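Asks: A predicted structure for the sequence below; I have some questions about it.
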Amino acid sequence: MRGKLIVFEGVEGCGKTTQLRRSQQWLVDSGWQALLQTKGYLQHLVTTREPGGTALGLQVRQLLLAQPTTEAIESRAELLLYAADRAQHVDGYLNPHLLQGALILCDRYTDSTIAYQGYGRGIDLNLIAQLNHVATNGLESDLTLWLDLDAATGLVRTQQRGTADRIEQADLSFHQRVQQGFTELAQRHPQRIIRIDATRTETEVAEQIQTVLTQRLAAWYGVERLKAEG
Ligand SMILES: Nc1ncnc2c1ncn2[C@@H]1O[C@H](COP(=O)(O)OP(=O)(O)O)[C@@H](O)[C@H]1O
Ligand SMILES: [Mg+2]
C-alpha cells in the first residue's frame, strides 16, 4: 500500500521540530505503528525535513541558512535553491519511501515556499505555484499540520535556541507576512491543512496533533480507533 506524507508547517519557533519528534515517538508508543505494520498498511515510519532531507539538500540548506558574507542571496536565486532541494528530496527520498509504503513525517514542504518566498519576499504566487509543481512533480502532502503562532512569539522562542540563522534574522515584518501567508493557505485548503493552536504548552500542542492524527489514520486505513496507552 502506498505510504502517506504528513507535513509540519509554520513560522520560525512555532514548534515544528519539537512536535515532529513527539509525533514520531507517539506513533510508536501508542501502538499505531505496530498496528498498521501488522495489518500490512504501513511498512515503516521515517522523518525528514526541507531543506536538507538529502545529501545534496544538506549542502543547499547550508547555503540557504548561512549568514551572508560578501553578497546577499537574491530572492529568485533563493527560490530556485529551495526548489532544487525539493526536487532532489521528492525524487530521491519522498517518492521512493511512499512507494515502499512509508509513513513520512516531514518538517516543512511547499506551503513554506508560498509563505516565505511568496508572502514574505513578494515573489509572484503564480510563479511559485508553477515552480512548486515542477519541484514536486505533483506530489502533495496527505496532511499538513500548521502550527499557528504569531511571528513575534516564535522569534522569541528561537532566540532561546541559540544563534539565529539567515532567515531567523530577517525583520519582524517579514515573519508577519509569512504568518499571514500560512493563515491564508489554511483558509484556502481546509481539508489538507489543519490548524493547530501552537500558543499552548508543548504537551497540549502534542495532544491536539494526536487527535488529528488519530482521526486521519483511522480514516485512511479504516481501522478502529486504537485504545492504547500513551
Ligand atoms: N509549545 C511550546 N511552548 C513553549 N516553547 C516551545 C513550545 N514548543 C517548542 N518550544 C521551544 O521553542 C523553541 C523552538 O521550537 P522548535 O520545535 O525548534 O520550532 P521550529 O522547528 O518550528 O522552528 C525550542 O527551544 C523549543 O524547545
Ligand atoms: Mg525546526
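Replies: Good, I have the coordinates. Numbering: from 1, shown residues only. Ligands and ions are numbered 1, 2, ... in the order given.

Asks: Let me see the contact set for the closest residue to residue 4 other than its chain neighbours.
Replies: Taking Cβ to Cβ, 6 or more residues apart in numbering, and ignoring the residues beside it in sequence, residue 4 has residue 142 as its nearest neighbour in space, at 4.4 Å. For glycine as for every other residue, the C-beta is placed from the backbone atoms N, C-alpha and C. By Cβ atoms under 8 Å, 6 or more residues apart in numbering, the contact list for residue 142 reads 4, 5, 6, 192, 216, 220.

Asks: Next, give me the two most distant ones among those residues.
Replies: Pairwise distances across the contacts of residue 142 peak at 13.3 Å for 192 and 220 (criterion: Cβ to Cβ).

Asks: residues of the longest helix anywhere in the chain that come out buried?
Replies: Assignment by DSSP state H gives helix 202-221 as the longest helix of the chain. Of all the residues in helix 202-221, those buried under the rule 16 or more other Cβ atoms under 10 Å are 205, 206, 208, 209, 210, 212, 213, 216, 217, 220.

Asks: Turn those residues into JSON lines, columns for distance to residue 128.
Replies: Formatted as JSON lines, the buried residues of helix 202-221 follow (distance: Cβ to Cβ, whole Å):
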{"residue": "205", "distance to residue 128": "28"}
{"residue": "206", "distance to residue 128": "31"}
{"residue": "208", "distance to residue 128": "29"}
{"residue": "209", "distance to residue 128": "27"}
{"residue": "210", "distance to residue 128": "32"}
{"residue": "212", "distance to residue 128": "26"}
{"residue": "213", "distance to residue 128": "28"}
{"residue": "216", "distance to residue 128": "27"}
{"residue": "217", "distance to residue 128": "31"}
{"residue": "220", "distance to residue 128": "29"}
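
Asks: Now residue 6: phi and psi?
Replies: phi -110, psi 130 (degrees, to the nearest 10).

Asks: Surely it and residue 109 touch.
Replies: No - counting by Cβ atoms under 8 Å, residue 6 sits too far from residue 109 to count as a contact (9.8 Å).
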